[in-house]
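Chemist: Build me a model from this:
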Amino acid sequence: MNKVPLTKLQKEIMKEFYSMEKTKVIFDKVERDALWKRATSRDDAFDFPFLELKCPALSHQIIKSYESGKNIQSAVFSECVYAQTFANMLHLDNFYNCLERDNVIPSNIEELLKSYFLYPRYVYTNSDKSRMLIQAGGCNGIDSALITAIDLNIFTIEFKEPGAKTSEPDLPKYGEDGLLKITDDFNERYPQFHDMLSEHIGLNFFEVIGNNIHDFSPESVNIAVTNNYSKKYADVICTEDINGYLVMLPVNQVSLWAEIEGEIRSAGRNHYNVWTPNTLRRFLRELGAVFNGDIITVNKDRLGIRTERGGNGKISGYKITPLFFVYVDDCDDDGSSVTFDISKVQQLNPTVAGKMFFKKLEYNNVKEYYNF
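Modeler: Below you'll find the predicted structure:
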């Protein structure tokens, strides 16, 4: 596989990064996991003043999760921690929360960010705001941008944990036949997955129920991982190495440093109202369900359980199959069976993803390889 050359922007930002003293991330994986566990358990004794001083973006994200009752994703922890570490390296010591304060970013920079599909959340700046590291959000944009205000020079950055997905879009919904469907709209929006999906024409999600697909050629997975960031305008990725140091890599050379994999999940994270009602009824009949019009009764021992995200073990729903579930709150439970309206059942959508694992990454090896 030929190595893709670095762009001028990649060379510039990586040269600056590796000219600075190597720096460990402010919270390593063990510390982040401990913080995440406390945050998802809604620990009343959480030390927010300490976290506000060390990583204010993460403090704000956790406070939001407390207020909303929704568990914070572990990837958000690493994004905030990596961004703060990079800001510390650049001596961008002033922090602003764009979600609570307007007019932090000059209008011309805001317009530039919009062209990259970036919506600012947090900003790290030097004293005169001549340089800004902007932590952003938006499903079509990248994680962050480093901008020099005077000439609008912009470097775009993705923050990724050592084991991460590049992206995981929903696949088009299959029909009652269960067959993988690829539409022109999907190919236009996610061209990086074309080759991976072409290798599994004829895939039937009802036949692989409960299983994920990992059988792809290295070439198709490399396209999915590399082109994902090209489409999202990213220049570099920041992650942490095996010793906890922040590392910067060019997005078009990820395969030099990571083990990459492809995956089709038959049941992804997102769920919708059932779109294959005939198949749902077939599965319910196979479970011995009793039908009273649209009201269904099933023995509990025939159902699986879903638990809330965050590891607290609380049951949130019952699985009819790995593809279908119903929320506990939508069920009447008599102890041995559950009864629910079939219209309350949810169906999980399949997804496709490229994944990367930096299992042997070391800061010094990267610096020496690029001769910075």
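Chemist: I'd like the next helix or strand past the lowest-mean-pLDDT helix or strand in the chain.
Modeler: Least confident element among the helices and strands of the chain, by mean pLDDT, DSSP states H and E: helix 218-231 (a mean of 79). Of the helices and strands lying after helix 218-231 in sequence (DSSP states H and E), the nearest is strand 236-240.
Chemist: Give the other helices and strands that that following strand contacts.
Modeler: Secondary-structure packing of strand 236-240 (3 or more CB pairs under 8 Å, 6 or more residues apart in numbering; DSSP states H and E): helix 8-19, helix 74-89, strand 153-159, strand 246-250. All C-beta atoms are positioned from the backbone trio N, CA, C, and that covers glycine.
Chemist: quick one on the thing from earlier: please tell me how far the least confident helix or strand of the chain is from the chain's geometric centre.
Modeler: Centroid separation for helix 218-231 versus its chain: 16 Å, with CA atoms, centre = their mean, to the nearest Å.
Chemist: which parts of that helix are buried?
Modeler: Residues 220-229 are the ones in helix 218-231 that count as buried (16 or more other CB atoms under 10 Å).
Chemist: ok, now how distant is the residue of the chain most remote from its centre from residue 253?
Modeler: Relative to the mean C-alpha coordinate of the chain, counting by CA atoms, centre = their mean, the farthest residue is residue 292 (41.2 Å). Using CB to CB, to the nearest Å, we find residue 292 at a distance of 60 Å from residue 253.
Chemist: Specify the local secondary structure of residue 31.
Modeler: Under the three-state scheme (DSSP: H, G, I helix; E, B strand; the rest coil), residue 31 adopts helix.
Chemist: And this protein, what are its domain boundaries?
Modeler: 8-161+225-257+363-369, 271-348 (automatic domain parsing).
Chemist: I'd like those domains as a markdown table, with distance to residue 169 appended.
Modeler: Listed next are the domains of the chain as a markdown table, based on distance: least, CB to CB, whole Å:
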| stretch | distance to residue 169 |
| --- | --- |
| domain 8-161+225-257+363-369 | 9 |
| domain 271-348 | 14 |
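Chemist: Highest mean neighbour count out of the ones you listed?
Modeler: For the domains of the chain, the largest average neighbour count (mean count of other CB atoms under 10 Å) is found in domain 8-161+225-257+363-369, namely a mean of 18.
Chemist: Once you drop chain neighbours, what's closest to residue 78?
Modeler: Spatial nearest neighbour of residue 78, excluding adjacent residues (CB to CB, 6 or more residues apart in numbering): residue 161 at 4.6 Å.
Chemist: Check the gap between that neighbour and residue 350 for me.
Modeler: Distance from residue 161 to residue 350, by CB to CB: 24 Å.
Chemist: Kindly report the same for residue 184.
Modeler: Applying CB to CB, the value for residue 184 to residue 350 is 18 Å.
Chemist: Could I get the full set of strands for the stretch 151-300 of the chain?
Modeler: Taking DSSP state E, counting those that start in this stretch as the test, the strands found in the stretch 151-300 of the chain are 153-159, 163-167, 212-213, 236-240, 246-250, 259-265, 271-273, 290-292, 295-299.
Chemist: Out of the domains of the chain, name the one with the poorest average pLDDT.
Modeler: Mean pLDDT is lowest for domain 8-161+225-257+363-369 among these, at a mean of 88.
Chemist: Tell me how far that domain lies from the chain's centre.
Modeler: With CA atoms, centre = their mean, you get 14 Å for domain 8-161+225-257+363-369.
Chemist: Endpoints of it, how far apart?
Modeler: By CA to CA, to the nearest Å, the extent of domain 8-161+225-257+363-369 from end to end equals 17 Å.
Chemist: Next: stretch 293-303.
Modeler: Using CA to CA, the two ends of stretch 293-303 sit 20 Å apart.
Chemist: Show me what that stretch is in contact with.
Modeler: Residues outside stretch 293-303 that contact it (CB atoms under 8 Å, 6 or more residues apart in numbering): 284, 287-290, 318-320, 333, 335-343.
Chemist: part of a strand, is residue 132?
Modeler: Yes: according to three-state DSSP, residue 132 belongs to a strand.
Chemist: these two touch, right, it and residue 123?
Modeler: Yes: proximity of residue 132 to residue 123 meets the contact threshold set by CB atoms under 8 Å, at 5.5 Å.
Chemist: Out of the helices and strands packed on strand 236-240, the one nearest residue 118 is which?
Modeler: When the helices and strands packed on strand 236-240 are compared by CB to CB, strand 153-159 sits nearest residue 118, at 8.2 Å.
Chemist: sorry, back to before: any idea how far the residue farthest from the centre of the chain is from residue 340?
Modeler: Taken as CB to CB, the span from residue 292 to residue 340 is 11 Å.
Chemist: Repeat that for residue 81.
Modeler: Distance from residue 81 to residue 340, by CB to CB: 41 Å.
Chemist: do residue 202 as well
Modeler: Distance from residue 202 to residue 340, by CB to CB: 34 Å.
Chemist: if we can go back for a sec, please name whichever of the domains of the chain is nearest to residue 216.
Modeler: Nearest of these (CB to CB): domain 8-161+225-257+363-369, 11.1 Å.
Chemist: Residue 332 reaches residue 341, doesn't it?
Modeler: No: when contacts are counted by CB under 8 Å, residue 332 is not listed as touching residue 341 (10.0 Å).
Chemist: Stretch 182-195: end-to-end distance?
Modeler: 12 Å.
Chemist: avg pLDDT for that stretch?
Modeler: On average, stretch 182-195 scores 93.
Chemist: Show me what counts as buried in that stretch.
Modeler: Neighbour-count burial for stretch 182-195 [16+ other CB under 10 Å]: 182, 186, 190, 192-193, 195.
Chemist: Give me the residues contacting that stretch.
Modeler: The contact list for stretch 182-195, computed with CB under 8 Å, 6+ apart, reads 167, 169, 171-172, 197, 217, 219-220, 223-228, 231, 352, 354.
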